[in-house]
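> got a predicted structure here, sequence first:
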Amino acid sequence: MSEGGVSEGGVRNGRLGNGRLGNGQLGNGQLGNSGLSNSGLGRTGLSRVGQVALSFLGVVALWYLAIYIRVPFGGVPLPNFILPSPARVAETLWASRALLAEHSVTTLLEIVLGILLGVGFGMLTAFGFVAWPWLRRQGQPVMVISQAIPVFALAPLLTLWFGYGIWSKIVMTTLIIYFPVTVAFFDGLRRTDRNLLDMARVMGATRLRRLWLIRAPAALPALGSGLKLAAVYAPIGAVIGEWVGASRGLGYLMLLANGRAKTDLMFAAVIVLACLAVALYFTVSAIAARLARWQPETG
Amino acid sequence: MTGGPALSGHFEIGGKLLFAPIELSLAPGEWTCLLGASGCGKSTILRLFAGLETGGVFHGALSSAAGQAAYMAQSDMLAPWLDVTGNVVLGQRLRGEAPDFDRARDLIARVGLAGHEGKRPAELSGGMRQRAALARTLMEDRPIALLDEPFSALDAATRAQCQELAFELLAGRTVLLVTHDPGEAARLAHQVHVLGPAGLTHSMRPEGAPIRDHAAAETLAAQVALFDQVRAA
């Protein structure tokens, strides 16, 4: 954790202080613009995009309200190091884009590798539980009890074992999504239509072939639900891992910015992380929808 | 009785008698029809023949058809994630054999589903799904077919069509048809057994050879007779 990384970017852009109304308005205009260009983008779903833009503007308005709420009562606006204005955050976001991108790549890598590993281990576990009942009898209680340990409590230990690099974060992410993926897929495998299994049995299928050709495809929609949970949890795992000890990543950047009262940079990092998480969720949702495409939705 | 599927005994679920001692054998090459009210145990008998779990205990002698039978039920039991072709060749894939797509295409055409090979079950009507299930049953090419009310969820016209198609395409095989519909039994069966809690209360061979005309006087008479027997059972 050296001091090197952060200061290159636009962190010191916004040093000038609190009362820059003009700048604030300018920034507001910019934000409004991005909302407009959004709504131009999806002309067919204009109303929906319009709604999103509207609620976005609402959030920005509330944000400004929070900063200036004390002014009518003779107070001063909130200082930047407590709550930077949206304009200032946007400015930092742009000025520090290289820095943010660099750390985003690290975090994204941790998230994606963590998801791949967690999903892989989770699917294997669920398969094993269904294929070998003795494994389930032995393994399931252990797995459930292990969930009583908050994964976050293990974070320092993981850092000790796997170092300050990305591996301790990948393991953290893997651990955090392992359980939901395992449970979702396992439930799917177990809830397979009995009739189909009977049919397969009459057809002369071996146990493993029934598992592979009937239970597994039938469980894919359930796996999709597990994947969506994984997409939500994975960024949490990676960021917590970075908080405990790291030299790269958005979580690390947040801590560093916070420690130096560069609250605008911290907000910028949070916004980037949120965007990553949302993009990840939509990607995974699309995959989940594909896994369940033969299953009609009823609600 | 040339070693065809047969059973003799009674059946208990949780210590309670489901049906009293019965003797039942399937005549080779014939349609044997097991007729009875819902819950009387006729599906259980079929599952015993198929070698499937029944949730109870059978006491007696059983010569099962496991390994020689194809199975068809009221729910079409098509895999929803597979298209028609995929469902028809599923049995071969489940046995680790190479799928015979030519034969599958031929059978799909014979049940009248040519052009629908690439559709998933959700895109098909109930009658079409049951015809796809029939194609799959034929694909199995087993000497025995166990049919568990395969037509009961279909509308009357579609049901009649599917009955005719199944009878034609399963010709020569030993068939056990479980049904609660006296009309279906009167139309399709060489031999009908009525099942009730007391066991097989009535057996008859309706006049004439199936498949019978549903409007013929003797078919209707058999239907009425069977209906009375089911009510009495």
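Ah, there it is. Remember, predicted model here, so these are calculated numbers, not experimental data.

> which residue lies nearest the spatial centre of chain B?
B:L147 (1.3 Å; C-alpha atoms, centre = their mean).

> the helices in chain B, which residues?
For chain B, the helices defined by DSSP state H occupy B:42-50, B:84-88, B:90-94, B:101-110, B:126-140, B:156-169, B:182-188, B:217-232.

> run through who's touching the longest one.
Going back to what we said before, that points to helix B:217-232. The set of residues external to helix B:217-232 that reach it, using C-beta atoms under 8 Å, 6 or more residues apart in numbering or on different chains, is B:35-37, B:180, B:182-183, B:185-187, B:192, B:194, B:196, B:201-202, B:204, B:206-208, B:212-213. To be clear about C-beta, it is placed using only N, CA and C from the backbone, and glycine gets the same treatment.

> what about 6 Å?
Identification of contacts with helix B:217-232 by C-beta atoms under 6 Å, 6 or more residues apart in numbering or on different chains yields B:182-183, B:185-186, B:194, B:202, B:206-207, B:212.

> got those residues as TSV, with pLDDT columns?
Formatted as TSV, the contacts of helix B:217-232 follow (pLDDT from 0 to 100):
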residue	pLDDT
B:P182	91
B:G183	91
B:A185	91
B:A186	90
B:V194	92
B:H202	87
B:P206	88
B:E207	85
B:R212	88
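
> ok, of those residues, which one's closest to chain A?
Chain A lies nearest to B:A185 out of these, by C-beta to the nearest C-beta, at 23.0 Å.

> looking at it, the closest one is touching B:L35, isn't it?
Yes - assessed by C-beta atoms under 6 Å, B:A185 is found in contact with B:L35 at 4.7 Å.

> close to chain A: what parts of chain B are there?
Residues of chain B that fall close to chain A, judged by C-beta under 6 Å from any C-beta of the partner chain: B:50, B:52, B:71, B:75, B:77, B:80-81, B:91, B:93-95, B:120, B:122.

> so how do I select the buried members of those residues in PyMOL?
Of the residues of chain B next to chain A, the buried ones can be selected in PyMOL as follows, counting by 16 or more other C-beta atoms under 10 Å in any protein chain shown:
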select buried, chain B and resi 50+52+71+75+77+80+81+91+93+94+120
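
> OK, now which residue of chain A is nearest to chain B?
Relative to chain B, the nearest point of chain A is A:A205 (3.6 Å; C-beta to the nearest C-beta).

> what about the stretch 1-150 of chain A, any weak spots by pLDDT?
Where the stretch 1-150 of chain A drops to pLDDT under 70, the residues are A:1-46.

> now do 90
Applying pLDDT under 90 to the stretch 1-150 of chain A flags residues A:1-49, A:74-75, A:78, A:80-82, A:140, A:142-150.

> circling back to that earlier point, between the helices of chain B, which one is nearest to B:A66?
Taking C-beta to C-beta, helix B:42-50 is the member of these nearest to B:A66, at 6.5 Å.

> mind listing residues that contact the closest one?
A:202, B:5, B:34, B:36, B:54, B:58, B:62, B:64-65, B:69, B:71, B:146, B:148, B:178, B:195.

> likewise for stretch B:177-195?
With C-beta under 6 Å, 6+ apart as the test, stretch B:177-195 has contacts from B:30-36, B:40, B:42-43, B:46, B:147-149, B:163, B:200-206, B:210, B:212, B:214, B:219, B:222-223, B:226-227, B:229-230, B:233.

> any buried residues in it, and which?
Neighbour counts over stretch B:177-195 (16+ other C-beta under 10 Å) mark B:177-189, B:191-195 as buried.

> ok, B:V84 - contacts?
Neighbours of B:V84 in contact, by C-beta under 6 Å, 6+ apart: B:116-117, B:119, B:132.

> over to B:D76?
By C-beta under 6 Å, 6+ apart, the neighbours of B:D76 are B:129-130, B:133.

> swap in 10 Å and give it another go.
Listed by C-beta atoms under 10 Å, 6 or more residues apart in numbering or on different chains, the contact partners of B:D76 are A:195, A:199, B:87, B:121, B:124, B:126, B:128-134, B:136, B:150, B:153.

> so which of these is the closest to B:A171?
Using C-beta to C-beta, B:L134 is the member of the contacts of B:D76 that sits closest to B:A171, with 13.0 Å.

> how about that closest one: what's its closest non-neighbour residue?
Among residues not flanking B:L134 along the chain, B:V111 sits closest, at 5.3 Å (C-beta to C-beta, 6 or more residues apart in numbering or on different chains).

> wouldn't the one you found be in contact with B:R105 here?
No - counting by C-beta atoms under 10 Å, B:R105 is not a contact partner of B:V111; they are 11.4 Å apart.

> so what sits against both of these two?
In contact with both B:V111 and B:R105: B:88, B:135, using C-beta under 10 Å, 6+ apart.

> so which of the contacts of B:D76 wins on neighbours?
In terms of neighbours by other C-beta atoms under 10 Å in any protein chain shown, those top out with A:M199 at 31 neighbours.

> show me what contacts it?
Contacts here follow C-beta under 10 Å, 6+ apart; on that basis A:M199 touches A:193, A:205, A:210, A:214, B:50, B:52, B:70-73, B:75-79, B:87, B:90-91, B:94, B:133, B:136-137.

> near chain B, which residues of chain A show up?
A:193-206, A:209-210, A:212-214, A:217-218, A:220-221, A:291-296 (C-beta under 10 Å from any C-beta of the partner chain).

> of those residues, buried ones?
For these, buried by 16+ other C-beta under 10 Å: A:195-205, A:209-210, A:212-214, A:217-218, A:220-221, A:291-292, A:294-295.
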